[in-house]
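[1] Kindly return the folded structure for what I paste below:
(chains A, B, C and D)
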Amino acid sequence: MLEMQQEMRKVAKELLESGEATVVIGWEKGALPYQTSPVLIRSAEETEKLVWDEYCQQNLSNYLIDFVYSDEKVAIFAKGCDTRAFNRLVQDKRIKAEQFTVIGVPCPGMKDRKQAAKGVADVPLAKACQECRYPNPVYANRTLGQPVTPRATAPDYSDVEAIEAMSADEKAKFWQEQYSKCIRCYACRNVCPACNCTNCIFDQSKSGWQSKDINASENQFYGITRAFHVAGRCIECGQCDMVCPSDVPIMLMNKKAKKDLDQLFGQYDAGLETESLIPLGRYDVNDPEEFM
Amino acid sequence: MERVGVFVCHCGSNIGSVVDCAKVAEELRNYPNVVHSVDYKYMCSEPGQNLIKEAVKEHNLNRVVVCSCSPRMHENTFRACVAQAGLNPYMFEMANIREHCSWVHAGHNEEATAKAIDLAKMAVAKVCKNKELKKGHSPVTKRALVVGGGIAGIQAALDIANNGYQVDILERTPSIGGKMAQIDKTFPTIDCSACILTPRMVEASSHPNIKLITFAELEKVEGYVGNFDVTIRSKARSVDMSKCTGCGTCMTKCPGKADDEFNMNLQKRPAIYTPFPQAIPNKPVIDRESCLKFKSRKDGKDVCGICAKVCPAGAIDYEQEDEIFVEHYGAIVMATGYDQFDHSVYGEYGYGKYPDVISGLHFERLVNASGPTMGHIVRPSDHKEPKTVVMVKCVGSRDPEHGKSYCSRTCCMYSAKQATLIRDHCPDTKVYIFYMDVRTPGKGYDEFYNRTREEYGVEYIRGRVSKIYQDGEQLIVKGEDSLLGRPVEILADMVILADAMIPQNDAAKMAQIVGIGYDNDGWFTEAHAKLGPVETHTAGIFLAGACQGPKDIPDTVAQAGAAAVKVCGLLSKDQLETDPCTSEIDPALCAGCGHCVGVCPYKAISLETIEERKAGKTISRQVAKVNASLCQGCGACTVTCRSSAANLNHFTNAQILAEVDALCQTIL
Amino acid sequence: MSNNPVEKTENFEPKILVFACNWCTYAGADLAGVSRLQYPPNVRVLRVPCSCRVNPQFVVRAFQRGIDGVLVAGCHPGDCHYTTGNYYTRRRFLLMTRMLEYVGIDSGRFQTRWISGSEGPKFQEVVTEMTEIIRQLGPNQKLRDDVTIEMQDFEEEAVNE
Amino acid sequence: MEYAYYPGCSLDSTGIEFNLSTKAVAKAFGIQLVEIPDWNCCGASAAHSTSHWLGLSLPARNLAIAEAAGLDVAIPCAACYARSKRAEVEVCKSEETRAKIEEIIGRPYKGESKARALLDIFHRDLGVYTDKNALKKPLAGLKVVTYYGCLMVRPVDTGFDDPEDPISLDEIMTALGAEVVPWGFKTECCGASLTACRPEVGFPMTEKILDAAKKSGADCIVTACPMCMANLDMRQDQIGKAKNVHYDLPVYYFTELLGVALNMNNKELGIPRHFVPAEALVNKIGQAKTTEGGEA
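    Coordinates of the predicted model:
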């Protein structure tokens, strides 16, 4: 990883010195060993701040939205999931691909910083990284290093299936318990590359969709709605799980939607390209028929 | 401040005998925002309507709810009434307490009354969120497009043109004429098809109001009723139409050979060709697939060029390219016709591998005096006159297993016609017809069928053919005579299969381009099976002829005339009224993701650039915008829109949520 | 409140919300009326132009507010007045039905059906059957904003109003 | 490859050559055929026309025994195949049918053991036509018409090949080096038992097939059905004599010709047992044209 880190610093330096970029988005070390945070580098000297370690899980692509109306020339380091997020934003017309320089970084998988924070000795990879099928950039202007072998070849739905196997009452209890913990801080939404609306309905106080009440019912309305909104659009980066302060298993909802959509309408991995229509934005006259 | 008036109708005893209308009125009187609530015997009667008008004045109502029958019945009645009372007609809602309540819950008076109260409360909750809406207007382009230049298209165009409107005929082949030009004789009168068609073709080509666009494809249809923008691809003819005199020298000298589609591939035609001698326009095109010059160009060579050398007018232009242009129309008539079912799916008929097992359309060309055999009925395999001919009906029709479930309507008659033609041409030839039923509803049709049997001595056998196989030079046709209940075996020289009529193979794609519906078989869907047979669900687009379903020539011509009348009715207006219950997108909420653009069936949503102030700068960004004239108000976009920027007038999120909440409030 | 105001009772009569498209199912329900086809008075029809207007969020909202069952009904695929609306409905609710069951809504409480304008008897049949299913299931407890499902180790943390 | 083997009644009697040749070539191809212990009649012809449930239960019992052993069933006879497949299809189609049949036969049958026509097994599972090297004596110069009969590929839900123009036997024969002559009688009915009980109906049916085969110019007829064999082979002389025609059309089971191509002994395959002398034709194979055929 150190080798890659050197390479990244070198590339960033070149970009800034040549004027090809005026700002480079990457990761820097935080206060604690398991903390690595996004950083904007604007000068060659600062490139020494750039790090590439096992905690670079943050998805950087969302930061590009802030540069859409800027004159700055932005270069961004991007793992597999960052590039899928990048495509997500392009497909949703939130950014234009040609405006940014994407430097792809094959990703060996990032560790679970929540586990690390708990002081676990042998910190495992984050769940999303364990299940990652696209660790290599799917879009990039240039890619550093050598491609890595995907850690999974097929989605792992064992956790979803465990829930599915429960009785209706058990499911209801499980989710009520989970969503009772939710404090509706909206961190999951803010970090999500698929939640990129300029005006989220949960910020529209007069929309009538939802009250400000925080209870299991309202929180679940939020949870189900969000899962539905990102259904077929989720790029499976797992950031939502990672930022949730209440440990609500958010990906468990998103994965359920993906499992069903794939099963019903054919496999579709979001963010691999930007041309196709999302599963819920198209139809096939021969879709499964259960409603006769 | 919402001031709602509620009016509960007894509908005589229709509602009143089950629902306690007085109780409904009373309950509603105490419901929020309701300032006036009464029940009355007949709300739709004149005194009933006056009751509403007076109450609006007296109680200063700004919203009205009528609890009575289905809005599909009387919504317009009460909207007009409310408008007369001085309110916007959309400040009105109906609760259906008859069809959905009293009529279906007879004897359950208590429950029905409770349900009526719920329905009334939902209507009140909704009406409080109603907004004043106004109908819009859009202009009309006084010109029509007819897609397809067969008899349906020609007839529709002539009728429109004769009413004084401009009309273009778009035809994909080099000539107008369609399937009717391929047919030899027409039933039941046995008059020559070409003799009655060609005068119409000439009339269409010389009519001052008609423009022919042949050898061209429909690429794209945008816009809406009264204002269609149609993108047309005029395919490269490789012949300059303005120079060509139609002398035909090129065709006689051309060394290229291709299957002659017009003659069902029974012979070859040159690569530069007109489909048939009476073609209109009578100017050839080069079929680049079989032209030696164009073929050699693919190999980097450039040979032949004979047509250019012999053309006295210098009209040959090898460098011509497809031309794409956009035309504007107020209405479109789809007259794209049909295709013939391919009987090669039938193993029992030999999977299409026996040369002397032919289709009905093949036979038309065989028997036609200008066809490949000069009208001599001979077998394709050895050009001998057949002594025994077997005809099989319902090939692909009425057979959901291998073909289509529907009846193709024309086969009974054309088989009878072809049988009489065989008997006329070859009096010694025996003709057998296997049939399931004989269907001859039409003027003079059954009489014709009877003559076929009685005067022409054609033998009808009721039963299916189970097997056809080659036996030396002949064909053995095995079947069952289900009337006599015994197997039949006929040694035949030729078999004619009455193949079903099926939609053009690209009908579904065509329907999607113009934005109309099509059924499971691929026929275009009319707006209403009985009361809207030439309209489609898309305003301004009409149907003529077999593209809507199997049809014979008289029905096709009648339908073409009907479609033309609808077009003229539309073009005669200067402005069209538009329904205000359309979608609207709030640009402040819209993120411009464009997912709604894809789901709109009317292409009513487009992305447009707006300017905004953001962080002290003027920025431009894209947002979705609905063209209210195009939008038909389905609401697909509202659910696709995650940020609720898209909303449907009169069925807004707030209105529906209010109804849901009002209903649920009464739980517990 | 952490107690359940809703208990299964002997005489429980469910309340069922039907989202009906204007062109097919609403007309089918009208036809049921005109034909005097009797069905349980438990259903309330809410008219929408097309089944594709029904936002799944409306369904969740209804369950939140205590509805016992929701039916979304529209034209048969291929018959949509707006040509394609119900194809989107089908996709959305194929997914949503599964999602709702995933969060514990009993199977059968939420249904989507195609009922054409000529299918008055089918409307009768569908709502009768659905009413029966939900009678058996009892009052809806899931997702409700006024009910907390009793949980063993969770009484303390239940946050409800 | 291991299958349960259901010979049925004819393979011990009129169709003994089919049995002999099947066992011989199966062994040569490494196919293990385990005869179903205590097998019973498949019920063909009679059972299903008297009782629907008897018609399904008789073959279901055989399948059930095979299922217990975890094997699919190889069935040479077309009639046995058709009845057994029908039982399997009906059991798979309806839970109710399955329950009732299980009750009747007194043992479980889930429809997991599949009824397979021997012809289908040789065509699909074995893929003989891909392994040209296995052929010691290709059938070069032999002109055959393939005759499937009416039951093997019909009706559509029990058939394994095109019901109007089946090709499995054609492909096997082509692979063996024979020339398959096209004709229209692949799936015509031979008259079956009508040749015995109503000869005035049955004989003309067999006669037509023989006439057509003769007219086609083929040297012989290849079949996969013992009933068809009986009619075409056993009745040939009688039919010919009645109209003073000497057909001289040997009829072979496809397994016999497979054996010939593997250069097996005629006797081992049962070829000398035919009514229409069948040895001479196969003995001619390979004599003049071995080299040519070998290269093909």
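[2] Where do the helices of the stretch 51-200 of chain B begin and end?
    Counting by DSSP state H, counting those that start in this stretch, the stretch 51-200 of chain B has helices at residues B:71-84, B:109-127, B:151-162, B:193-206.
[3] Is the second one positioned near chain A?
    No. For helix B:109-127, no contact with chain A is found by CB under 8 Å from any CB of the partner chain; the gap never falls below 11.7 Å. Every C-beta, even on glycine, is put in place using the N, C-alpha and C of the backbone.
[4] Now find how far off-centre that helix is within its chain.
    Relative to its parent chain, helix B:109-127 has a centroid offset of 41 Å by CA atoms, centre = their mean, to the nearest Å.
[5] go on, the last one?
    Averaging C-alpha coordinates over helix B:193-206 and over its chain gives two centres that are 25 Å apart (CA atoms, centre = their mean).
[6] neighbouring strands for the next helix-or-strand element following that helix, and are they parallel or not?
    Following helix B:193-206 in sequence order, the next helix or strand is strand B:210-213 (DSSP states H and E). Sheet pairing of strand B:210-213 (DSSP bridges) gives strand B:166-170 (parallel).
[7] now the angle from the partner strand to helix B:151-162?
    Here the directions of strand B:166-170 and helix B:151-162 differ by 160 degrees (axes from the mean of the first three to the mean of the last three CA atoms, to 10 degrees).
[8] Quick one: residues in contact with strand B:166-170.
    B:142-149, B:153-154, B:156-157, B:160-161, B:176, B:204, B:209-213, B:216, B:218, B:232, B:327, B:329 (CB atoms under 8 Å, 6 or more residues apart in numbering or on different chains).
[9] Deepest in the core, which of the helices of the stretch 51-200 of chain B is it.
    Each of the helices of the stretch 51-200 of chain B was scored by mean neighbour count; the highest is helix B:151-162, a mean of 28, by mean count of other CB atoms under 10 Å in any protein chain shown.
[10] what's the closest of the helices of the stretch 51-200 of chain B to chain C?
    Closest to chain C of those, according to CB to the nearest CB: helix B:109-127, at 3.9 Å.
[11] Tell me what angle the closest one forms with helix B:71-84.
    Using the same axes, to 10 degrees, one finds that helix B:109-127 and helix B:71-84 are set 50 degrees apart in direction.
[12] Check the chain and tell me which residue is nearest its centre.
    You didn't say which chain, so I picked chain A. What sits nearest the mean C-alpha location of chain A, by CA atoms, centre = their mean, is A:C237, with 3.5 Å.
[13] meant chain D, my bad for not saying
    Central residue of chain D (CA atoms, centre = their mean): D:A224, at 2.1 Å.
[14] A strand includes D:R116, no?
    Yes. Under DSSP: H, G, I helix; E, B strand; the rest coil, D:R116 sits within a strand.
[15] got a list of what it touches?
    For D:R116, the contact set (CB under 8 Å, 6+ apart) comprises D:3, D:72-75, D:81.
[16] What's the separation between the residue nearest to the centre of chain D and chain B?
    Computed as CB to the nearest CB, to the nearest Å, the D:A224 to chain B distance reads 19 Å.
[17] before we move on, what about C:T128?
    Taken as CB to the nearest CB, the span from C:T128 to chain B is 10 Å.
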